[in-house]
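Participant: this one's structure only:
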């Protein structure tokens, strides 16, 4: 009996935003391991290049690209480059996000509000639009939006971040419905509490972490690598009939 090839990504071109560390880095490594040429992206090129170099050193294929998804001009430039260099895009993982404030909702700073909306909503939306145009031309593709359990159950003192992640879940359904005729699938990953620099305000604070663990049936914080397997499923042919879904990878928190 031969092994399944459902999770093979040979010949696929994948773009992962926010891939210089944390969940994005773990996703980039796994997609490359499964055969994809991964475009490793975040705001700063240096961090992306380190991840790309590590992928190449391990025998994979990767390219580093700087892109601040809060800037529409940068999104357009990056996709023009993808079109020119690769001529296609099979997988988009919208993972870059921002959460600049940790405070009571009544103390929300307008600047922090706008920054969070620009990256987490507008950035995801227009990244998906540009990727979708390429995917429509080639007859299909897979878009994966990294949302959050906060989009379902708002995190304390994470008001606008939680609001944007709820928007990402709905955005996922919009793209799933409207892009299905083009063979494009769109799904969301909802990570629970994960040990990343991004979540350090939660993970490194003993009181907050311990309170969170009381609500997590598995009683531990996730490793970034534990998010990558779910993304591989959503990116691959294993999920060929899955679109518009929000996949909770949260240790049972939302159950």
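Facilitator: Everything's here; your move. These numbers come from a predicted model, not from an experiment. Numbering: from 1, shown residues only.

Participant: angles on the backbone of residue 191, please.
Facilitator: phi -70, psi 150 (degrees, to the nearest 10).

Participant: relative to residue 151, how far out is it?
Facilitator: Distance, residue 191 to residue 151, by Cβ to Cβ, to the nearest Å: 11 Å. From N, CA and C alone the C-beta is placed, and that goes for glycine too.

Participant: again with residue 22
Facilitator: As judged by Cβ to Cβ, residue 22 and residue 151 stand 18 Å apart.

Participant: between those two, which has more neighbouring residues?
Facilitator: Neighbours per residue, other Cβ atoms under 10 Å: of residue 22 and residue 151, the larger number sits with residue 151, 24 against 20.

Participant: the more buried one touches residue 166, doesn't it?
Facilitator: Yes. Counting by Cβ atoms under 8 Å, residue 166 is a contact partner of residue 151 at 4.2 Å.

Participant: low pLDDT regions in the chain?
Facilitator: Within the chain, the ranges that satisfy pLDDT under 70 run 198-204.

Participant: can you tell me the centre-most residue of it?
Facilitator: What sits nearest the mean C-alpha location of the chain, by Cα atoms, centre = their mean, is residue 95, with 2.5 Å.

Participant: and whichever helix or strand residue 166 is part of, how far from the chain's centre?
Facilitator: For residue 166, the host element (DSSP states H and E) is helix 159-179. Relative to its chain's centre, helix 159-179 lies at 12 Å (Cα atoms, centre = their mean, to the nearest Å).

Participant: next, the buried residues of it.
Facilitator: 159-169, 171-173, 175-176, 179 (16 or more other Cβ atoms under 10 Å).

Participant: now swap in stretch 126-138 and tell me
Facilitator: Buried residues in stretch 126-138, counted by 16+ other Cβ under 10 Å: 127, 128, 130, 131, 132, 134, 135.

Participant: helices and strands around whichever strand or helix holds the third one, which ones?
Facilitator: Per DSSP H and E: residue 130 is located in helix 124-138. Secondary structure elements in contact with helix 124-138, counted by 3 or more Cβ pairs under 8 Å, 6 or more residues apart in numbering; DSSP states H and E, are helix 72-85, strand 91-94, strand 141-146, helix 159-179, strand 184-191.
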